[in-house]
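Enquirer: please find the sequence and the predicted model below.
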Amino acid sequence: MDTTNNNGDDPFFLWRARATLLAPKMKLDAYLINEAIGIINTVLGESWLQAEGLRKDLGTVVPFRAHPIGNCLQAVWEPQVAELVELAEYLKFAARSQSFSKVAGCLRGDYASTRLQLAYAYRLHSVGAERVDFEPPVAAGRHGDIEFAYKGVGYLVECFVPREQVTGSPKEQLERLLKQSLDAVEDLSISVSIAIQLLRPIDVRDRKENVRCVQELGAELERYTKSSLSLPKALLRQTPSALISVVLTVPTAPGKKPVISLHPSFPRPNESPYMLMGLSWAPKSIAGVQASGHRSATQSHVGIWLSDKESQERSIMQDLEEPLKQLAKKLKKKTAQTKRGPEWGRLLLVQTWIASEFDRIRRDQLERFKKELFASSSLGAALLVSRKWDDLRLRHTWVVHPILPNDRQSDLWELLSQLSQSAREALVPQVAV
């Protein structure tokens, strides 16, 4: 595929044009922009990117692209540029492996786990691990994710990203409410700011009722704006399951985050919504992917606040006892992917929000987690990691917390400590001088 095509409808041209504009702000060398998009195209292939990567995902409530890379090509801001340039750096390192084609195939399917695999193979090599390779054979015809050696000892690593069930779940109802509320006001001649405070968990009937209320309030506000009378610019109505505010607003400039305008009686003026989306814009992932439409201003937008009960249940500030217990059970099922022989060390690498909240884990909770995880296997360590966006450095960074069953005085602890430090400090790729 010719990524230098000047076709304004070509997503590769659009990505490169946008990325080139953002490069000085992000302190990226211009050659990295061209190199990154070329590597992504070469590794994943023209036919796959066009047929699958950029295909609209009709199976999700919000119709984004079928693959995260497709969404990076469609919604081009600093996080999407950093994502593909960072991925290209990993792929350059991985290309030396005889298993590279298999890794590339996995990247097309399980993107999150394969990105984790690529990121930490790269980082292990950077802190002194030797003979780093991918897809090593293990017991029973299985394959692990990473193999490496350190100070004469071989190690096998399995990478794991727990999935959240969306289809049929309460979250699906929220996403449908978000999308259908925007659909309900899309044809209005005015821009409105919609705020929905849920009073309890909703079902299908509640959702339809709330969407109908949004539509009625939007139409009523539109009629008011066409009147010469001094009429309200903010409306508030309560349904059995929600309190709904619809307020006249103005479009937000491209790339700017809209601020939801609220009716004076709306109960949570100082709290951010659980979900937020606007026509032609979305600030962060919903159902795991980014929204498209990055070239337009934000018109109407909607925010959803959870009920007090749901907010507490979904909060990352919840007590970590049960989440740790569930995580330990899931990880124990993955240890078979690291089994080869008694002379091999075995590691599990898991990307989880718990890593960002690690400092809140009580000592007794951590000990129970370790007991559950290490009791019946020869697992050498588990690494809890999380990924976040750094607004100052304009890069994604990682938080890494190694967990070992015994004392820290070991070669493995030394390596994992260096890995943790590297994840905090090293940005990929290097910034321009």
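Expert: That came through, no problem.
Enquirer: quick check: what element follows the strand or helix carrying residue 181 along the chain?
Expert: Applying DSSP states H and E as the criterion places residue 181 in helix 170-185. The first helix or strand that comes after helix 170-185 along the chain, using DSSP H and E, is strand 191-198.
Enquirer: lowest average confidence, helix or strand, in the chain?
Expert: Least confident helix or strand, the chain: helix 308-314 with a mean of 66, by mean pLDDT, DSSP states H and E.
Enquirer: and the angle for the helix holding residue 181 with strand 191-198?
Expert: 150 degrees (axes from the mean of the first three to the mean of the last three CA atoms, to 10 degrees).
Enquirer: which parts of helix 170-185 are buried?
Expert: 171-182, 184-185 (16 or more other CB atoms under 10 Å). (Glycine included, C-beta is placed from N, CA and C.)
Enquirer: pick the one among these closest to residue 210.
Expert: Distance to residue 210 across the buried residues of helix 170-185 (CB to CB) is lowest for residue 177, with 6.1 Å.
Enquirer: element containing the nearest residue to the closest one once chain neighbours are set aside, please.
Expert: Nearest residue to residue 177, sequence neighbours excluded (CB to CB, 6 or more residues apart in numbering): residue 207, at 5.0 Å. Using DSSP H and E, the element containing residue 207 is helix 204-225.
Enquirer: got the buried residues for that helix?
Expert: Under the neighbour-count criterion of 16+ other CB under 10 Å, helix 204-225 has 206-207, 210-211, 213-215, 217-218, 221-222, 224 buried.
Enquirer: so the residue lying closest to residue 343 once chain neighbours are set aside: helix, strand or coil?
Expert: With sequence-adjacent residues excluded and distances taken as CB to CB, 6+ apart, residue 343 is closest to residue 154, at 7.0 Å. Following DSSP: H, G, I helix; E, B strand; the rest coil, residue 154 is assigned to strand.
Enquirer: hmm, residue 341 and residue 154 touching each other?
Expert: No - Residue 154 is beyond contact range of residue 341, at 9.0 Å (criterion: CB atoms under 8 Å).
Enquirer: neighbour count winner among these two?
Expert: residue 154 (16 against 9; other CB atoms under 10 Å).
Enquirer: beta-bridge partners for that one, please?
Expert: Taking DSSP bridges, one obtains residue 149 as the residues bridged to residue 154.
Enquirer: residue ranges of the strands in the chain, please?
Expert: Taking DSSP state E to define them, one finds strands in the chain at 130-134, 146-150, 153-160, 191-198, 234-238, 242-249, 275-278, 301-305, 345-351, 381-390, 395-403.
Enquirer: show me what contacts the residue nearest to residue 80 when sequence neighbours are not counted?
Expert: Once flanking residues are discounted, residue 80 sits nearest to residue 72: 4.2 Å by CB to CB, 6+ apart. By CB atoms under 8 Å, 6 or more residues apart in numbering, the residues touching residue 72 are 15, 80, 83-84, 290.
Enquirer: that older thread, how much space separates the residue nearest to residue 177 from residue 152?
Expert: Going from residue 207 to residue 152 by CB to CB, to the nearest Å gives 60 Å.
Enquirer: for the stretch 1-150 of the chain, which segments count as helices?
Expert: 11-26, 30-44, 46-48, 68-74, 78-94, 100-109, 111-126 (DSSP state H, counting those that start in this stretch).
Enquirer: outside of the fifth one, which residues touch it?
Expert: Helix 78-94 has contacts (CB under 8 Å, 6+ apart) with 15, 18-19, 22-23, 25-26, 28, 32-33, 35-37, 39-40, 43, 68-69, 71-73, 100, 103-104, 115, 118-119, 121-122, 125, 134, 290, 389, 394-396, 428-429.
Enquirer: just the last one next, same as before
Expert: Contacts of helix 111-126 from elsewhere in the structure, counted by CB under 8 Å, 6+ apart, are 67-69, 86-87, 89-91, 93-94, 103, 106-107, 132-134, 145-146, 148, 157, 159-161, 288, 349, 351, 383, 385, 398, 415, 419, 422-423, 426, 428.
Enquirer: go again with 6 Å.
Expert: The set of residues external to helix 111-126 that reach it, using CB atoms under 6 Å, 6 or more residues apart in numbering, is 68, 90, 93-94, 106-107, 132, 145-146, 148, 159, 161, 349, 351, 419, 422.
Enquirer: can you give me how far it is from the chain middle?
Expert: Here helix 111-126 is found 16 Å from its chain centre; the criterion is CA atoms, centre = their mean, to the nearest Å.
Enquirer: can you check the longest one too?
Expert: Offset of helix 78-94 from its chain centre (CA atoms, centre = their mean): 15 Å.
Enquirer: report the angle between it and helix 30-44.
Expert: Going by the same axes, to 10 degrees, helix 78-94 makes 70 degrees with helix 30-44.
Enquirer: angle of helix 78-94 against strand 130-134?
Expert: Computed with the same axes, to 10 degrees, the direction of helix 78-94 lies at 110 degrees from that of strand 130-134.
Enquirer: what's the answer for the second one, then?
Expert: With the same axes, to 10 degrees defining the directions, helix 30-44 sits at 50 degrees from strand 130-134.
Enquirer: for helix 30-44, name the packing helices and strands.
Expert: Applying 3 or more CB pairs under 6 Å, 6 or more residues apart in numbering; DSSP states H and E, we find helix 30-44 packed against helix 11-26, helix 78-94.
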